[in-house]
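1. My questions are about this predicted structure, shown below with the sequence.
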Amino acid sequence: QQPVQSPQAVILREGEDAVINCSSSKALYSVHWYRQKHGEAPVFLMILLKGGEQKGHEKISASFNEKKQQSSLYLTASQLSYSGTYFCGTESGNTGKLIFGQGTTLQVKP
Amino acid sequence: KAGVTQTPRYLIKTRGQQVTLSCSPISGHRSVSWYQQTPGQGLQFLFEYFSETQRNKGNFPGRFSGRQFSNSRSEMNVSTLELGDSALYLCASSPLMTYEQYFGPGTRLTVT
């Protein structure tokens, strides 16, 4: 079952914050976040394992609510370089099988 | 370390033909996953190999197959190509399960 991401698209000004949500109907073992710029391959941002931990990567952080089967990606003080499509990938069980959401397109304007 | 490499980068085939795509993972990575990316369906999981064994498979018809060699290099094959198979095929390698995946640049397949 494909996880559902929201919103589908967001436009920001530099310095603004954004939150991207990822919701699954299945119990999750892990959630991965990737960013893909136009014409490039997806790039790993972070992985969260069940346990509700929060991780950070520069000004990008994420949380994982295991009970709600949801994860959120937080982008603070956005920069132009943050523009791209963000994908969450979910894993139900320690299987190595990653199912990706449909993606959230983020555009940061000067 | 060299990244994931995929060959060829671009391919044009005709309906009914078959195609083989190749992926060389990062040195030391033993898990290789394949994905199909299209504007309408997004990133869809095809299959995952670890130590030459297919551990996981997505919901694709049997025309899609793959294999992994002892050096962890992987190939995927699509037989009897259909127009709908036109997509970007991405390969990703990972050192172990539930670790970050490193994607290659992809092979752009166009079926005419």
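-> That came through fine.
2. What residues sit buried inside the helix or strand in which A:Leu45 is found?
-> Using DSSP states H and E, A:Leu45 falls within strand A:43-49. Residues of strand A:43-49 classed as buried: A:44-49 (neighbour count, 16 or more other CB atoms under 10 Å in any protein chain shown). Yep, even glycine has a C-beta here, placed from its N, CA and C like the rest.
3. export those residues to CSV and tack on distance to B:Gly62 and pLDDT?
-> Compiled in CSV, those are given as follows (distance: CB to CB, whole Å; pLDDT from 0 to 100):
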residue, distance to B:Gly62, pLDDT
A:Phe44, 31, 91
A:Leu45, 34, 92
A:Met46, 35, 89
A:Ile47, 32, 88
A:Leu48, 34, 90
A:Leu49, 34, 84
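4. Give me the below-cutoff pLDDT ranges for the chain.
-> You didn't say which chain, so I picked chain A. A:52-57 (pLDDT under 70).
5. think we crossed wires, I meant chain B
-> Checking chain B against pLDDT under 70 turns up B:97-98.
6. Help me confirm that B:Ile26 comes into contact with B:Ala2.
-> Yes - counting by CB atoms under 8 Å, B:Ile26 touches B:Ala2, with 7.0 Å between them.
7. the more surrounded of these two?
-> Counted by other CB atoms under 10 Å in any protein chain shown, B:Ile26 and B:Ala2 do not tie: B:Ile26 has more neighbours, with 18 against 8.
8. Please determine how far the nearest residue to the more buried one once chain neighbours are set aside is located from chain A.
-> Nearest-residue entry for B:Ile26: B:Ser93, 5.2 Å, with adjacent residues in sequence omitted and distances by CB to CB, 6 or more residues apart in numbering or on different chains. Relative to chain A, B:Ser93 is positioned 11 Å away (CB to the nearest CB, to the nearest Å).
9. Let me see the contact set for B:Ser93.
-> The contact partners of B:Ser93, by CB atoms under 8 Å, 6 or more residues apart in numbering or on different chains, come to B:4, B:23, B:25-26, B:29, B:31-33, B:72, B:101-102, B:104.
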